[in-house]
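Visitor: Predicted coordinates and the sequence they were generated for:
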Amino acid sequence: MSNDIVDPGEGHSPAAWTAVIVMLAAFAIGTIAFVLAIVWLVWASVVLVFVGWGLGFLLAKMGYGVKGPKFTPKPHHY
């Protein structure tokens, strides 16, 4: 039995972190706006979710994704 742990590396890139942070902020803003019945802000947060997704996709295509040339994986210590 080998003790080598293979990390697929998914989600540990600047592209993924940026997308998740933007979309998480959008969901938080949208939730608060929904509770306060601010309709335009709810829809703006929906748009911001798609902006976050697009930003992550764009950054990955620019090389900041897991398999991109501008990303250097950091070792995990288990």
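Guide: Happy to help now that I have it.
Visitor: going forward, measure contacts and count neighbours with C-alpha atoms only.
Guide: Will do.
Visitor: backbone phi and psi for residue 71, please?
Guide: For residue 71, the backbone dihedrals (degrees, to the nearest 10) come out as phi -110, psi 130.
Visitor: How about the contacts made by it?
Guide: Counting by CA atoms under 8 Å, 6 or more residues apart in numbering, residue 71 makes contact with 13, 14, 63, 64, 65.
Visitor: Most neighbours out of these, which is it?
Guide: residue 65 (25 neighbours; other CA atoms under 10 Å).
Visitor: Tell me if I'm right that it and residue 72 touch.
Guide: No. Counting by CA atoms under 8 Å, residue 72 is not a contact partner of residue 65; they are 9.7 Å apart.
Visitor: Name the helix or strand for residue 69, please.
Guide: Assigned by DSSP states H and E, residue 69 falls within no helix or strand.
Visitor: For the nearest residue to it once chain neighbours are set aside, which three-state class applies?
Guide: Among residues not flanking residue 69 along the chain, residue 63 sits closest, at 5.3 Å (CA to CA, 6 or more residues apart in numbering). At residue 63 the chain is in helix, as set by DSSP: H, G, I helix; E, B strand; the rest coil.
Visitor: Check residue 37 too.
Guide: From three-state DSSP, the assignment for residue 37 is coil.
Visitor: what about it, neighbour count?
Guide: The burial count for residue 37: 12, using other CA under 10 Å.
Visitor: How about residue 42?
Guide: 21.
Visitor: now it, nearest residue through space, not along the chain?
Guide: Here the nearest residue to residue 42 in space, its sequence neighbours aside, is residue 30; by CA to CA, 6+ apart that works out to 4.7 Å.
Visitor: OK, contacts around the one you found?
Guide: Taking CA under 8 Å, 6+ apart, one finds 41, 42, 43, 44, 45, 46 in contact with residue 30.
Visitor: Please save the CA atoms from the helix or strand containing it in PDB.
Guide: In this assignment (DSSP H and E), residue 30 forms part of helix 14-35. The C-alpha trace of helix 14-35 is given here as PDB (Å, rounded to 0.1, in the frame of the first residue of the first chain):
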ATOM      1  CA  PRO A  14      -6.300  31.900  -8.600                       C
ATOM      2  CA  ALA A  15      -9.000  31.500 -11.200                       C
ATOM      3  CA  ALA A  16     -11.100  29.200  -9.000                       C
ATOM      4  CA  TRP A  17     -10.600  31.300  -5.900                       C
ATOM      5  CA  THR A  18     -11.600  34.500  -7.700                       C
ATOM      6  CA  ALA A  19     -14.700  33.000  -9.200                       C
ATOM      7  CA  VAL A  20     -15.800  31.500  -5.800                       C
ATOM      8  CA  ILE A  21     -15.200  34.700  -3.900                       C
ATOM      9  CA  VAL A  22     -17.100  36.900  -6.400                       C
ATOM     10  CA  MET A  23     -20.000  34.400  -6.600                       C
ATOM     11  CA  LEU A  24     -20.200  34.000  -2.800                       C
ATOM     12  CA  ALA A  25     -20.400  37.800  -2.400                       C
ATOM     13  CA  ALA A  26     -23.100  37.900  -5.000                       C
ATOM     14  CA  PHE A  27     -25.100  35.200  -3.200                       C
ATOM     15  CA  ALA A  28     -24.700  37.100   0.100                       C
ATOM     16  CA  ILE A  29     -25.800  40.400  -1.400                       C
ATOM     17  CA  GLY A  30     -28.700  38.700  -3.200                       C
ATOM     18  CA  THR A  31     -29.900  37.100  -0.100                       C
ATOM     19  CA  ILE A  32     -29.900  40.300   1.900                       C
ATOM     20  CA  ALA A  33     -31.600  42.100  -1.000                       C
ATOM     21  CA  PHE A  34     -34.200  39.400  -1.200                       C
ATOM     22  CA  VAL A  35     -35.000  39.700   2.500                       C
END
